[in-house]
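[1] Generate coordinates for the sequence data below:
(chains A, B and C)
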Amino acid sequence: MNPTPLQVSPELEHPWDLRPLDAMALQRRLRLLLEETPLENPPQVVAGCDASYDAPTGQAFAAVVLFELPSMREMERSVVQAPINYPYVPGLLSFREAPVLLQAMARIKRRPELLMFDAHGLAHPREMGLASHLGLLLDIPSIGCAKSPLVGTYDEPGLNRGDCAPLWLRGQVVGCVVRTRDKVKPVFVSVGHKIDLPQAIELVLSCCRGRKLPEPTRLADRIVGHARRSYKSSL
DNA sequence: GCGACAG
DNA sequence: ATCTTGTCGC
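    Numbers count the residues shown, from 1 in each chain, chains lettered A, B, ... in the order given. I've put the predicted structure just below:
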């Protein structure tokens, strides 16, 4: 058997069960390695990644779905279940969700050219959100597309699809509030790794297909939701 | 010190 | 994240 194409770069491997202060110190170190460079070529394979958690049982479900661009055809998917212990701490989401997400990624056969997450990238207290963290460890361009803000200030974007407003943090633009559907609550797009903001915004918009959320993460979200409900009804 | 706080 | 019904609008 061939090795999985989605593995953490050996030189960047690190434990996930870090105490908050150590986790934050690690984020500050990893931040120095992020690249906000434009994508070389248009991605032909994009991966949507998401996880869902069942508090009563402590079980989590993660899914990775590969889409071919620009056709938006699903190519492959993987779903896994695993217990989660790390608590939810704003700013430390990767330490809670990355382990199970990496398990789902390890089961994917094709290596995507872009990763999309239901989370932030640079729009994070230490500019190292989940999208940036995993993009860096896997060395794959990544985008954060969250449903609500974590940090930063912004003005409401226009009401039409495509309207944007910069997301500011300490005098810097760390992301963009993007209206992906007319008159619908906007999403928060930020660079994860190895891509620039204009391209991230364009790719999110091109993946929305008339929906508020990009199809890759939207489908991943539905898959983990089904997996969780299926699991609960089988108890 | 107080409030805010991805999923 | 999850708990939850109906309801408004295209």
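[2] what ranges do the helices span in chain A?
    Applying DSSP state H to chain A gives helices spanning A:20-31, A:93-105, A:130-138, A:197-207, A:215-233.
[3] so what's the residue of chain A found nearest DNA strand C up against?
    Proximity of chain A to DNA strand C (C-beta to the nearest atom of the strand) peaks at A:Ser52, 3.4 Å away. For glycine as for every other residue, the C-beta is placed from the backbone atoms N, C-alpha and C. Shown in contact with A:Ser52 (C-beta atoms under 8 Å, 6 or more residues apart in numbering): A:Ala60, A:Phe61, A:Asp221, A:Val224, A:Gly225, A:Ala227, A:Arg228.
[4] ok, 10 Å please
    Neighbouring residues of A:Ser52 by C-beta atoms under 10 Å, 6 or more residues apart in numbering: A:59-63, A:97, A:100, A:118, A:220-229.
[5] which residue of chain A sits farthest from its center?
    A:Leu235 (30.1 Å; C-alpha atoms, centre = their mean).
[6] burial count for A:Gln22?
    I think there's a mix-up here, since residue A:22 is Asp and not Gln. Neighbour count of A:Asp22, defined by other C-beta atoms under 10 Å: 12.
[7] Over to the one 3 residues further on?
    Other residues lying near A:Ala25 total 13 when counted by other C-beta under 10 Å.
[8] so who does it touch?
    The contact partners of A:Ala25, taken as C-beta under 10 Å, 6+ apart, are A:Leu18, A:Arg19, A:Arg126.
[9] Now render the helices of chain A as TSV, adding mean pLDDT.
    Below are those laid out as TSV (pLDDT from 0 to 100):
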stretch	mean pLDDT
helix A:20-31	98
helix A:93-105	98
helix A:130-138	98
helix A:197-207	98
helix A:215-233	96
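[10] Could you dump those helices into CSV and include distance to A:Gly171?
    Shown next, in CSV, are the helices of chain A (distance: least, C-beta to C-beta, whole Å):
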stretch, distance to A:Gly171
helix A:20-31, 17
helix A:93-105, 25
helix A:130-138, 20
helix A:197-207, 16
helix A:215-233, 30
